[in-house]
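Enquirer: Kindly return the folded structure for what I paste below:
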Amino acid sequence: MGIFEHFNTGWGGFSREGSRVLEGAVELAGNFGCDKADTGHLLLAILQQDHGPAGRFLAGKNIQEQQVRRQLAEGRQGMPRRLRRQDLAPELRRAIDYALIDAQNARQSRAEPEHLLCAILEDGGCTAGELLASMGVQLGEAVRECRQLSGQLTLPVQPRAAAAAPRGGRASDKYCRDLTRRADEGELDPLPAAEEQPLSGGGTRRGQNRPGRRAGPADLGRAGAPQPQGQAAAGPGYGQPGSGHQVPGRF
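Expert: Below is the predicted model:
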């Protein structure tokens, strides 16, 4: 479960209006015979129940409740059932996580329906994002407008495409870079194979640079031995064969 752990009354971190549309999404999913509530049900719940900024924003984009209901009804899965709050699709869990983070970034104590709407607009590959795009909504522009009305910083970015890379339900997927994926896709420069370079005393660097190993007095002057660095390093010529210098006692 994500960071939206709900309490006995309402949904933790959400205002009364935000909790109401989330409850409505779960109820709608059950009415459509689905076993999980997704962002499409959340979009329909916002259209039905919210008369604040989120509802007005969708009305300004000419998104009608009947349009969304008709498209969701085409995917009806069975007889109506009763769902629990935990019966959420991963994309809806992800939207809830993002809405809470966006509300915190906007310095608001509770997440509102407009934060939920902004979260699904940013996730262009979720059910609601695909529905809105099919109705002619330009997601990139809509994200910037929705960020403004929800009190968030407007960034010149395109909405995240869920199909571009597999993601989990963690908020870190929104704010962090997946270096493993970028390496697999060849976006990172390869590291030089320094550990395989031969040393003058024989062997390779891999055999000498063992983690945690430091040079001691017995190592000084031995070819290929790791040399102390920084303030602990010996002066020029110390410990070198034929140098005529003695190793100071502090080594």
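
Enquirer: low-confidence ranges in the stretch 101-250 of the chain?
Expert: 150-178, 181-182, 184-250 (pLDDT under 70).

Enquirer: Repeat the analysis, applying 50 as the threshold.
Expert: Scanning the stretch 101-250 of the chain for pLDDT under 50 picks out 156-170, 194-195, 206-212, 231-234, 238-239.

Enquirer: Chain neighbours aside, what residue packs nearest to E91?
Expert: On the basis of Cβ to Cβ, 6 or more residues apart in numbering, the spatially nearest residue to E91 that is not a chain neighbour turns out to be C126, at 4.3 Å. Yep, even glycine has a C-beta here, placed from its N, CA and C like the rest.

Enquirer: Give me the neighbour count for the one you found.
Expert: The burial metric for C126, expressed as a neighbour count using other Cβ atoms under 10 Å, is 27.

Enquirer: Check A25 too.
Expert: Each residue near A25 was counted by other Cβ under 10 Å, and the total is 27.

Enquirer: contacting residues for it?
Expert: Listed by Cβ atoms under 8 Å, 6 or more residues apart in numbering, the contact set of A25 reads A37, H41, L42, L44, A45, L92.

Enquirer: neighbour-wise, which of those leads?
Expert: Comparing those by number of neighbours (other Cβ under 10 Å), L42 comes first, having 32 neighbours.

Enquirer: Spit out the contact partners of it.
Expert: Taking Cβ under 8 Å, 6+ apart as the definition, contacts of L42 comprise V21, L22, A25, L92, A95, L116, I120, A128.

Enquirer: can you name the two of those residues that are farthest apart?
Expert: Maximum pairwise distance in these, criterion Cβ to Cβ, is 13.5 Å, between L22 and A128.

Enquirer: Looking at those two, which has the bigger crowd around it?
Expert: Using other Cβ under 10 Å, the more surrounded residue of L22 and A128 is L22, with 29 against 26.

Enquirer: Give me the pLDDT for M1.
Expert: Looking at M1, its pLDDT is 43.

Enquirer: Same question for the one 10 residues further on.
Expert: pLDDT, the model's per-residue confidence, is 83 for W11.

Enquirer: Next: R81.
Expert: For R81, the predicted pLDDT is 90.

Enquirer: quick one, helices of the stretch 1-150 of the chain?
Expert: For the stretch 1-150 of the chain, the helices defined by DSSP state H, counting those that start in this stretch occupy 16-31, 39-49, 53-60, 65-74, 90-105, 113-122, 127-134, 139-149.

Enquirer: So which of the ones you listed is the most surrounded?
Expert: Most buried of the helices of the stretch 1-150 of the chain, by mean neighbour count (mean count of other Cβ atoms under 10 Å): helix 113-122, with a mean of 29.

Enquirer: of the helices of the stretch 1-150 of the chain, which approaches A183 most closely?
Expert: Using Cβ to Cβ as the measure, helix 90-105 is the one of the helices of the stretch 1-150 of the chain that comes nearest A183, at 23.7 Å.

Enquirer: No more questions from me, cheers.
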